[in-house]
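Enquirer: Sequence isn't available, so here's the structure alone:
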């Protein structure tokens, strides 16, 4: 019965240039001598229809990874060194296929294996506190994918994402496996922003992002997306602080707003120039009037550039009105969503959750809010049901709060004077590189952006030699 339901979905031609199919030679040893039992079919369907899209076409050029998680996962999960990863993979594969086929027996079996994976993972973490491996990081990411498909508790997805990030912090450079951890950290950061904005719960200890990027992942030139995510993640932290019920911290001072916005604009210009050098167009309208993009990773990147600009306008509406920008960023995010949805790229689509959440909550156009919400509704009951529940629950709770908040700040703005605007101590105050070497600081150029000009995101790096001042004093003059 299960076999007849699991039909392999082939990706559109050219979509997954860097992701192998199940007939790829790297899987031959893994599948050699294995009879096509139900368990094997479940795992194959999971690889082919869901995990195959963990890599978006085009991301390798920016993330600089020479191998992908999908390339290494078969050997990582079957080398006999980490039973927790093996169980987590089987559990998530069963959850995916049981949900796709509507088979409750398979779903129940997945929950059982998920519990076993959690138990094994917990034992291993207690036993190897100081020796974190790529297997262990992979296990937490895989468990988070289980929760993304089929949530067990309200906090489990957030805990797995934060747990994977914390393990990356303790992982040595030798575990990167030619960029596999680079790809995992990219995925983790997109999900950290989403779970923080929706749950408003932050990890108890801030992550050492600079250590991960420079020491663990060994980046010499930081990827554009990682640099962008640092801005988006920090803006998300400010967004939660300033839009929460009862908050009196509503506005950003002009100096902070202008300088951070300028940094994002420079990053966008650099991104455009990189495409122009290759004589590539980032996005355009086809003959039918639909917006199409260079590739899936480009669509995702543009959606996060749009997210940064929307957060600027939400956090500093008075100053945002001073800059003439006729781009409909809410609409552009929806264009990205339509493009990615048409490509049917499975788990890569969940990385669009943060931009879509902002559209559903803040767009001034009702039809745009409805379309964004409809995406989350469409995920409900499907293979991203856990992410859907998290988003829809947050939207239900926050929409009324947002209406009251917007009414309040609109009223406050009418009589406020520029010198009365709050001098906000932004959490950019621990930017990467205040403890950097002189050599790093000398290489702070547009072509080779150094870690000392990148915001750390949701977590603050501790630099004891730098006084904790407002953001204005920490931007390059």
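Expert: Yep, that arrived. Predicted model, so just to flag it, every value in this text is computed and none were measured. Numbers count the residues shown, from 1 in each chain.
Enquirer: average pLDDT across the helix or strand where residue 93 lies?
Expert: Counting by DSSP states H and E, the element that carries residue 93 is helix 83-101. Across helix 83-101, the average pLDDT comes to 92.
Enquirer: ok now it, how far from the chain's centre?
Expert: 22 Å (Cα atoms, centre = their mean, to the nearest Å).
Enquirer: Against which helices or strands is that helix packed?
Expert: helix 2-5, helix 38-49, helix 104-127, helix 134-149 (3 or more Cβ pairs under 8 Å, 6 or more residues apart in numbering; DSSP states H and E). For every residue, glycine as well, the C-beta is placed using N, CA and C.
Enquirer: Now do residue 334: how many residues are near it, please.
Expert: A count of nearby residues for residue 334, using other Cβ atoms under 10 Å, gives 25.
Enquirer: I meant to write residue 294 there.
Expert: Using other Cβ under 10 Å as the criterion, residue 294 is surrounded by 18 other residues.
Enquirer: Assess the claim that it and residue 282 are in contact.
Expert: Yes: the pair residue 294 and residue 282 passes the contact test of Cβ atoms under 8 Å, sitting 5.6 Å apart.
Enquirer: Give me the common contacts of those two.
Expert: By Cβ atoms under 8 Å, 6 or more residues apart in numbering, residue 294 and residue 282 have these common neighbours: residue 275.
Enquirer: just so I have it, where are all the strands in this protein?
Expert: 283-285, 291-293 (DSSP state E).
Enquirer: So for the first one, mean pLDDT?
Expert: It refers to strand 283-285. Strand 283-285 comes out at a mean pLDDT of 94.
Enquirer: The chain should start at 454 in everything you say after this.
Expert: Fine by me, first position is 454 from now on; the one you just mentioned is strand 736-738.
Enquirer: So what touches that strand?
Expert: Contacts for strand 736-738 (Cβ under 8 Å, 6+ apart): 744, 745, 746, 747, 751, 752, 755, 788.
Enquirer: What is the nearest of the residues you listed to residue 603?
Expert: The closest of the contacts of strand 736-738 to residue 603 turns out to be residue 752 (Cβ to Cβ; 26.7 Å).
Enquirer: Verify the contact between that closest one and residue 791 for me.
Expert: No: if you go by Cβ under 8 Å, residue 752 and residue 791 don't touch, sitting 9.4 Å apart.
Enquirer: out of these two, which sits in the busier spot?
Expert: residue 752 (28 against 16).
Enquirer: where's that one relative to residue 712, distance?
Expert: For residue 752, the distance to residue 712 (Cβ to Cβ, to the nearest Å) stands at 28 Å.
Enquirer: residue ranges with poor pLDDT in the stretch 504-653 of the chain?
Expert: Within the stretch 504-653 of the chain, the ranges that satisfy pLDDT under 70 run 582.
Enquirer: Now list the buried members of the contacts of strand 736-738.
Expert: For the contacts of strand 736-738, a burial check counting by 16 or more other Cβ atoms under 10 Å picks out 744, 746, 747, 751, 752, 755, 788.
Enquirer: If we ignore the residues flanking it in sequence, what's nearest residue 676?
Expert: In space, residue 676 comes closest to residue 515 once its chain neighbours are excluded; the distance is 4.6 Å by Cβ to Cβ, 6 or more residues apart in numbering.
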